[in-house]
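Novice: can you look at this prediction? I've put the sequence above it.
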Amino acid sequence: MLLPTEIEKIPPYDKVTKLLIGGLPGTGKTHLCSDLPNSLLIDLESGHRPHFGGLCIDVKNASITEGKTLAQAFREIINLIKAANVEEYEKTKRKKYDFLTWDNITQLQEIVKVKAAADYNASHMGKSQIKNGSAPILDVTTELGQVGWMYYLTAYKQVFDMCTDLVNECTIFLAHTTQSSLAKKQEQIVINDLQITGKVKLWTLLNVDDAGVLTIENNKGILDFK
C-alpha cells in the first residue's frame, strides 16, 4: 500500500439518472414531465389531466376500478414495464421508455407503509406476536415506535430501487413542498420543505443525482436547482 502522489482529475459528469422535482401543488410538475419525449408518467394520485398530453397511466384510478390496493397496482405496473423492456430490447437493444416519472413520492410512501407492515408481520417477531393473539401490524410508523421506522426505511429503500433503472435516460420523482418564512437580518427568507417523512427525506436527497424546486413567477414555470 502506498500513499497517493498525484491528484486525480474529476471526470466529466453530466448524466442525471435520478431526479427529484419538488413544488407546491398546482405549480405544473405533472404537466412539465408529461412533455418529455418518449416518457411514461405513473400517476399515483390521479393528478394528470388530458390536456397535459404525453403517456400516462393512472394507477390510483386503475386500482379502484380493478378492486386492487395501490400497492398491488404498483407491483403490477413495475412488472408491465419490465416485460415491455424485455420485448423492446430484443428489437432495439434499448428499454421501452427514455423517461419515467413517479407522481408523486407522497403516495409512494403509502405503498412503502404497506410493504413495511407486510415485512414486519412476516418477520420472526411479527409472527410471534400474531401467534400470541395480537392483530397484524397495519402501520409500522405508529404502532412500533423506533423499530417500526427501521422497517419503514428499509422498505422505502427497496421500493425506491424498484422504481429506478427501468428507462434509458432518467427516472423522475415528483414531490409536494410546503412553504414557510424565516426572518433573518431584517430580510424575509422563504423556505421550501419537501413533504417526505423523517429520515427518508435525507436518504432520498442523498440518492438522487439532482433536486430542484418548481415555482411560478409571472405566469412562467421556473425550475431552480440552487
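Specialist: Nice, thanks for sending it over.
Novice: from the contact counts, what lies against the longest helix seen in the chain?
Specialist: Counting by DSSP state H, the longest helix found in the chain is helix 70-92. If contacts are counted by 3 or more CB pairs under 8 Å, 6 or more residues apart in numbering; DSSP states H and E, helix 70-92 sits against helix 59-65, helix 105-121, helix 146-163. All C-beta spots, glycine's among them, are computed from the backbone N, C-alpha and C.
Novice: mind listing residues that contact the helix or strand just after that helix?
Specialist: Downstream of helix 70-92, the next assigned helix or strand under DSSP states H and E is strand 99-103. Residues outside strand 99-103 that contact it (CB atoms under 8 Å, 6 or more residues apart in numbering) are 29-30, 33-34, 36-45, 47-48, 81, 108, 163, 166-167, 169-174.
Novice: how about residue 147, nearest residue that isn't a chain neighbour?
Specialist: Leaving aside its sequence neighbours, residue 147 sits nearest to residue 140 (CB to CB, 6 or more residues apart in numbering; 7.8 Å).
Novice: tell me which of the helices and strands packed on helix 70-92 sits most buried.
Specialist: Mean neighbour count (mean count of other CB atoms under 10 Å) peaks for helix 105-121 among those, with a mean of 21.
Novice: show me what it is packed up against.
Specialist: Looks like helix 105-121 contacts helix 70-92, helix 124-131, helix 140-143, helix 146-163, strand 170-184 (3+ CB pairs under 8 Å, 6+ apart).
Novice: in JSON lines, list those along with mean pLDDT.
Specialist: As requested, the helices and strands packed on helix 105-121 are exported to JSON lines (pLDDT from 0 to 100):
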{"stretch": "helix 70-92", "mean pLDDT": "95"}
{"stretch": "helix 124-131", "mean pLDDT": "93"}
{"stretch": "helix 140-143", "mean pLDDT": "92"}
{"stretch": "helix 146-163", "mean pLDDT": "94"}
{"stretch": "strand 170-184", "mean pLDDT": "81"}
